[in-house]
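> return a 3D structure for these sequence lines:
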Amino acid sequence: MRPAEVAPRVGVSTKTACRYYQDWKKRTPRLELRYGAWRYMLKNHPDLSEHVIRTLVSELDMPLEEVMLRLERPWGLKQLLLGKWPDYTRERRLNSAESRLQAALLLVHLVEASRIPPEQLPDVVKAVIKGILKEASLKGQQGSVSITQR
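This is a model prediction of the structure:
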């Protein structure tokens, strides 16, 4: 039967039935068996539960409260096993890469606007970085900012 035919029989919306059907099609082999094993272990072995939760917090770079909230939801564990939890680490890496690209483009625009000859660019960039580090170290001595040079 199609999800639209099943939905009224089980008392859910057609949209929900379609979403369940899509999840069912995407599920991994033996999902129910894996889900049952994980659920049993998390409920009956507190030390393992704490270890799993700490690992999720670390690996997914999620706050502890959010991990706990997601696991307490009726479909939380299944969503985790299906890979439906957000990957904040990936999002942060993308945001970081985007920020670096924007900074590089800003530098290019500044160079173009100041009409610095390309052969002088490395010296100008070194001088700017040196000035930034010097200013940061002065602020660091005042206690407001500390930067370590790589």
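
> give me the contact list for whichever strand or helix holds Gln22.
Here Gln22, judged by DSSP states H and E, is contained in helix 14-26. Contacts to helix 14-26, defined as Cβ atoms under 8 Å, 6 or more residues apart in numbering, come from residues Pro3, Ala4, Val6, Ala7, Val10, Val12, Leu82. Heads up, the C-betas are built off the backbone N, CA and C, glycines and all.

> contacts only, for the most far-flung residue of the chain relative to its centre.
Farthest-out residue of the chain from its mean C-alpha position, per Cα atoms, centre = their mean: Pro117, at 40.5 Å. Taking Cβ under 8 Å, 6+ apart, we find Pro117 in contact with no residue.

> number the chain from 393, please
Right, with 393 as the first residue, what we last looked at is Pro509.

> buried set for the top helix by length along the chain?
Using DSSP state H, we find that the single longest helix of the chain is helix 480-506. Using 16 or more other Cβ atoms under 10 Å as the test for burial, helix 480-506 gives Val503.

> mean confidence for it?
Taken as a whole, helix 480-506 carries a mean pLDDT of 73.

> any idea how far that helix is from the chain center?
Offset of helix 480-506 from its chain centre (Cα atoms, centre = their mean, to the nearest Å): 19 Å.

> please name every helix or strand in contact with it.
helix 438-452, helix 513-533 (3 or more Cβ pairs under 8 Å, 6 or more residues apart in numbering; DSSP states H and E).

> looking at the ones you listed, which is nearest to Pro421?
Smallest distance to Pro421 across the helices and strands packed on helix 480-506 (Cβ to Cβ): 21.8 Å, for helix 438-452.

> quick one: the closest one to helix 480-506, angle?
Comparing the axes of helix 438-452 and helix 480-506 via axes from the mean of the first three to the mean of the last three Cα atoms, to 10 degrees yields an angle of 20 degrees.

> average pLDDT across helix 438-452?
87.

> mind saving the C-alpha coords of it as PDB?
Output of helix 438-452 as PDB, limited to C-alpha atoms (Å, rounded to 0.1, in the frame of the first residue of the first chain):
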ATOM      1  CA  PRO A 438      25.000   3.000  33.500                       C
ATOM      2  CA  ASP A 439      28.800   3.100  33.000                       C
ATOM      3  CA  LEU A 440      28.400   2.300  29.300                       C
ATOM      4  CA  SER A 441      25.700   4.900  29.000                       C
ATOM      5  CA  GLU A 442      27.900   7.600  30.500                       C
ATOM      6  CA  HIS A 443      30.800   6.600  28.200                       C
ATOM      7  CA  VAL A 444      28.500   6.600  25.100                       C
ATOM      8  CA  ILE A 445      27.100  10.000  26.100                       C
ATOM      9  CA  ARG A 446      30.600  11.500  26.700                       C
ATOM     10  CA  THR A 447      31.800  10.100  23.300                       C
ATOM     11  CA  LEU A 448      28.800  11.600  21.500                       C
ATOM     12  CA  VAL A 449      29.400  15.000  23.100                       C
ATOM     13  CA  SER A 450      33.000  14.800  22.000                       C
ATOM     14  CA  GLU A 451      32.600  13.300  18.500                       C
ATOM     15  CA  LEU A 452      29.600  15.400  17.500                       C
END
